[in-house]
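In: Have a look; sequence and predicted model below, questions after that.
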Amino acid sequence: MPDKVRFYGFTGSNSVYTGRLLLEHKGLEYRFVKLPPAAHAFILLALGFPTMGAPALKIGGRRVSGTRWIARALDELYPDDPLFPADAELRREVQRAERWGEELQNATRRTFYSAARRDRDAFMSVLGSGRGPVRRAGLRLMSPIIIRLATGVHRASDDAAREDIELLPERLDQIDAWIAAGVLNGESLNAADYQIAVNVSALLLCDDFIPFVDGRPAAELARRVAPDYVGHLDPVVPDEWMAELRTAYARSAAGAGAVAPAPNGTSVADSDATRVASLMRASL
Ligand SMILES: N[C@@H](CCC(=O)N[C@@H](CS)C(=O)NCC(=O)O)C(=O)O
């Protein structure tokens, strides 16, 4: 049984937060090796990890990169409290939701860096969390280059972020549908819960998105699974993009039936069991 567990990453990162929750799920003791953002990529390669992405885990002589591979390695090494269900069909659905959740993670990251380019305080409130004054000052100094590099590495252009924001309502519908079907937010949490909930929590840090996320089953999942995401983003999304988000929200809710108030006062339809069931049929 592996004894020394080292976890590499930096606070504020959505994928690192998921990695931390996976370790906590297993009740493992570990040392968190905090790396400086941007430089972390080169350090991880130099340390022999297979990719330059955080999080990374050194466990029993193995080097594992990435949340999905960390989840699998943990289940292999510590079969108790499994992160994937034993039932083959449910397991496939959880794996599918987890893979989908990694794209939600990418979308959340793209949206974050688009906001960070407009508001340095937004960047600092998330990435600066858990750092002392000296490290915070260093981070602020380095922030233009970190944001530039992350934008390049993650292709977090404004065009991509704008599309991600427009896709937000249908992504939230999908999460709610998985919750209704018991794939997510079950009695015992699984790898897809950790992958997805962290990113819904990240959305709840953004004033722009709170009205679209709050009050839904997805938000409940986020608060249950990932309640301690630190940071706050003032409204920063351009008006035109917000208008597209409202239209997309109204369109997704209009397929639902019952009329309910939408964020910003317009009247739109709310989800109901029929809508959830048909979403599940379409997506699983
Ligand atoms: N999809 C990967 C995420 C890896 C990733 O992109 N992490 C970011 C930190 S939030 C990073 O390390 N980016 C720099 C890079 O990949 O070079 C996972 O789930 O582990």
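Out: Great, that's in hand.

In: I'd like to check which residues are in contact with Asp80.
Out: Applying Cβ atoms under 8 Å, 6 or more residues apart in numbering, we find Asp80 in contact with Lys26. C-beta: built from backbone N, CA, C; applies to glycine.

In: What backbone torsions are found at it?
Out: phi -70, psi 150 (degrees, to the nearest 10).

In: ok, it to Glu187 distance?
Out: To Glu187, Asp80 is 16 Å away according to Cβ to Cβ, to the nearest Å.

In: do the same with Ala226
Out: 18 Å.

In: Looking at the two, which is more packed in?
Out: Ala226 (23 against 5; other Cβ atoms under 10 Å).

In: Quick check: pLDDT value at the residue nearest the centre of the chain.
Out: Nearest to the mean C-alpha position of the chain, counting by Cα atoms, centre = their mean, stands Asn199 at 2.4 Å. At Asn199, the pLDDT value in this model is 98.

In: Next up, the contacts around it.
Out: Contacts of Asn199 (Cβ under 8 Å, 6+ apart): Asn14, Gly101, Leu104, Gln105, Ala107, Thr108.

In: From these, which land in helices?
Out: Among the contacts of Asn199, the members falling in helices (DSSP state H) are Asn14, Gly101, Leu104, Gln105, Ala107, Thr108.

In: So which of these reach the ligand?
Out: Asn14, Gln105 (Cβ under 6 Å from any ligand atom).

In: just the ones in helices among the contacts of Asn199 now: which is nearest Lys4?
Out: Closest approach to Lys4 among those (Cβ to Cβ): Asn14, at 26.1 Å.

In: Compare the contacts of Asn199 and tell me which has the most neighbours.
Out: In the contacts of Asn199, the most neighbours by other Cβ under 10 Å go to Gly101, 29 neighbours.

In: is it true that Ser143 touches Phe123?
Out: Yes. Using Cβ atoms under 8 Å, Ser143 is in contact with Phe123, at 5.6 Å.

In: And the two? Which one has more around it.
Out: The neighbour count for Ser143 versus Phe123, taken as other Cβ under 10 Å, is higher for Phe123 (26 against 18).

In: for the stretch 151-284 of the chain, what spans make up the strands?
Out: Taking DSSP state E, counting those that start in this stretch, the strands of the stretch 151-284 of the chain run over residues 259-261, 267-269.

In: Quick check: residues of the protein near the ligand?
Out: Applying Cβ under 6 Å from any ligand atom, we find that the chain lies next to the ligand at 13-15, 41, 52-55, 66-67, 102, 105, 109, 153.

In: And the pLDDT at Gly130?
Out: Looking at Gly130, its pLDDT is 86.

In: who are the neighbours in contact with it?
Out: Residues in contact with Gly130, defined by Cβ under 8 Å, 6+ apart, are Thr11, Gly12, Val230.

In: now Ile175: how far from Pro227?
Out: 17 Å.

In: follow-up on the earlier one: list residues touching both of Ser143 and Phe123?
Out: Common neighbours of Ser143 and Phe123, counting by Cβ under 8 Å, 6+ apart, are Ala116.

In: Could you point out which of the contacts of Gly130 is nearest to the ligand?
Out: Nearest to the ligand among these is Gly12, at 8.1 Å by Cβ to the nearest ligand atom.

In: That closest one should be in a strand, yeah?
Out: No. Per DSSP: H, G, I helix; E, B strand; the rest coil, Gly12 lies outside any strand segment and is coil.

In: Pull the residues that contact stretch 104-112.
Out: With Cβ under 8 Å, 6+ apart as the test, stretch 104-112 has contacts from 14-15, 18, 67, 122, 126, 150, 154-157, 160-161, 164-165, 167, 171, 195-196, 198-199, 202-203, 206, 233.

In: from these, which would you call buried?
Out: Neighbour counting with 16 or more other Cβ atoms under 10 Å marks 14-15, 18, 67, 122, 126, 150, 156, 160-161, 164-165, 167, 171, 195-196, 198-199, 202-203, 206, 233 as buried within the contacts of stretch 104-112.

In: Show the contacting residues for the closest residue to Ala116 other than its chain neighbours.
Out: In space, and not counting its chain neighbours, Ala116 is closest to Phe123: 3.8 Å by Cβ to Cβ, 6 or more residues apart in numbering. The neighbours of Phe123, taking Cβ under 8 Å, 6+ apart as the test, are Ala115, Ala116, Ser143, Ile146, Ile147.
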